[in-house]
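Asks: coords please:
(chains A, B, C and D)
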There are 2 protein chains.
Amino acid sequence: MEILDAAARLFAARGFHGVSIEDIGGAVGVSGPALYRHFSGKEALLAEMLLDVSERLHASAASRVTTAPSPEAALDALLSGQIEFALSHPSLITVHDRELGNVPEPARRQIRRLQRLYVEEWVTVLSELHPACPPARLRAATHAVFGLLNSTPHSAGELPEEAMARLLLGMARTALATLNDDGS
Amino acid sequence: MEILDAAARLFAARGFHGVSIEDIGGAVGVSGPALYRHFSGKEALLAEMLLDVSERLHASAASRVTTAPSPEAALDALLSGQIEFALSHPSLITVHDRELGNVPEPARRQIRRLQRLYVEEWVTVLSELHPACPPARLRAATHAVFGLLNSTPHSAGELPEEAMARLLLGMARTALATLNDDGS
DNA sequence: CGCTGACGTTAATGGTGACTAACATCGGCG
DNA sequence: CGCCGATGTTAGTCACCATTAACGTCAGCG
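Replies: A predicted model of the protein is given here:
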């Protein structure tokens, strides 16, 4: 929805508390309290936004993994999916890992659950590729790769999108290839 | 200073606008307006915090690079420095790349300058190691590595600090080693 | 002793912002 | 036509919060 898009851009730029309902309304051409016709409140708007992101990421990951013919292919599918999403929705990525704390409780738990499932999707694939590697290490590596891939908002415009996608894919692939080294 | 430490933790957790002067005072055992004896205002407090971080990072990088015997050693020194900082000051790292937009103008320009210098320190070293690689690509890769290294706040507690440091160092090193591949 | 400067405290004050109320507009459909 | 639900609008209301004012305390030192 147009409202959620505008809100995502604003939240990413100034943070949840740095954006007023008026700002969001203004960004879509209506003014202020009109938003209450569509959302029960500011927090509910954020909740819907983050829930939607988490669902899309998790659903895409689950489907890619189950249709991949091999763990190697599954990992590549996960990487491409995350890169594609991060490049096309930088604000959503930013808000997604910054503003969970402002989501009220019923929804927050569900978002957390989906995020956990998403991470476990990665950990499962990685553990097939690196059976000797303890899960905690795989989880930490997964978060590290997310950090790498989600860096796109910080290097905005340095490279054309295609080149950036290839660069990130290459870096992430090789970064994950080190996981069999025992880390000593 | 104790006030800046407490403020950093609070800003990292709830965002600049999500924290009140009262909150910060409360966290150090005084209450509210007492902080105006130490800072001219909330934004000035943030400015001092970010300026200090940027200076420390840049100064440490500059000294490590100039004393390193080779580009390879310089890169390792940069990596270790950033990892050490990220692991010991996760909140500062978080605030540092989230809240620059809330710093008022005189200070903001200076922080940006230091951040840019810090990045260029990395790019210079990398360009000696990968002479064929265009600077824009090196800059993007640098930001990607920052994202990887700064992921520690997200994987808090998965691994003991030493193991996490080694994991991040290994992943970052190999991720950067791909830079000679032409990205096609 | 008595001043002074560092540091705190508790009341304003003033602005901002989420949310609600009361009041249009208007397209569709009986 | 005339009602209705969806969607907006503008004017409150009320809480929160940064900042300032006015007023202690007290250690050090003349």
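
Asks: Would you map the strands across chain A?
Replies: Ranges of strands in chain A, per DSSP state E: none exist.

Asks: I figured A:S155 hits B:R137, correct?
Replies: No. Counting by Cβ atoms under 8 Å, A:S155 does not reach B:R137; the two are 10.1 Å apart. Using the backbone N, CA and C atoms, a C-beta is placed for each residue, glycine as well.

Asks: Low-confidence ranges, chain A, go.
Replies: Chain A contains residues with pLDDT under 70 at A:181-184.

Asks: Give me the most central residue, it.
Replies: Nearest residue to the geometric centre of chain A (Cα atoms, centre = their mean): A:I93, 4.6 Å.

Asks: That residue and DNA strand D, how far apart?
Replies: A:I93 is 27 Å from DNA strand D, where distance means Cβ to the nearest atom of the strand, to the nearest Å.

Asks: And A:L57, by the same measure?
Replies: With Cβ to the nearest atom of the strand as the criterion, A:L57 and DNA strand D are 28 Å apart.

Asks: That residue reaches A:H89, doesn't it?
Replies: No. Contact between A:L57 and A:H89 fails when scored by Cβ under 8 Å: they sit 10.1 Å apart.

Asks: Looking at the two, which one has more neighbours?
Replies: For A:L57 and A:H89, the more surrounded residue by other Cβ atoms under 10 Å in any protein chain shown is A:L57, and the numbers stand at 21 against 18.

Asks: what about the nearest residue to that one once chain neighbours are set aside, distance to chain B?
Replies: Counting by Cβ to Cβ, 6 or more residues apart in numbering or on different chains, A:Y118 is the residue found nearest to A:L57 once chain neighbours are left out, at 5.3 Å. Using Cβ to the nearest Cβ, to the nearest Å, one gets 13 Å for the distance from A:Y118 to chain B.

Asks: For A:Y118, which residues are in contact?
Replies: A:S54, A:L57, A:H58, A:A61 (Cβ atoms under 8 Å, 6 or more residues apart in numbering or on different chains).

Asks: Please determine how far it is located from DNA strand D.
Replies: Counting by Cβ to the nearest atom of the strand, the gap from A:Y118 to DNA strand D is 32 Å.

Asks: Likewise for A:A140?
Replies: 34 Å.

Asks: my guess is that residue meets B:L167, correct?
Replies: Yes. Applying Cβ under 8 Å as the test, A:A140 and B:L167 come out as touching, 6.0 Å apart.

Asks: one step back: greatest separation within the contacts of A:Y118: which pair is it?
Replies: Largest separation among the contacts of A:Y118 by Cβ to Cβ: A:S54 and A:A61, giving 10.7 Å.

Asks: Skipping its backbone neighbours, what lies nearest A:L117 in space?
Replies: Excluding its sequence neighbours, the residue lying closest to A:L117 (Cβ to Cβ, 6+ apart) is A:H58, at 5.3 Å.

Asks: What are the phi and psi values at A:N150?
Replies: Main-chain torsions, A:N150, degrees, to the nearest 10: phi -80, psi 10.

Asks: residue contacts, it?
Replies: Going by Cβ under 8 Å, 6+ apart, A:N150 touches A:A86, A:I93, A:T94, A:D97, B:G147.

Asks: Count the residues that sit near A:E128.
Replies: 12.
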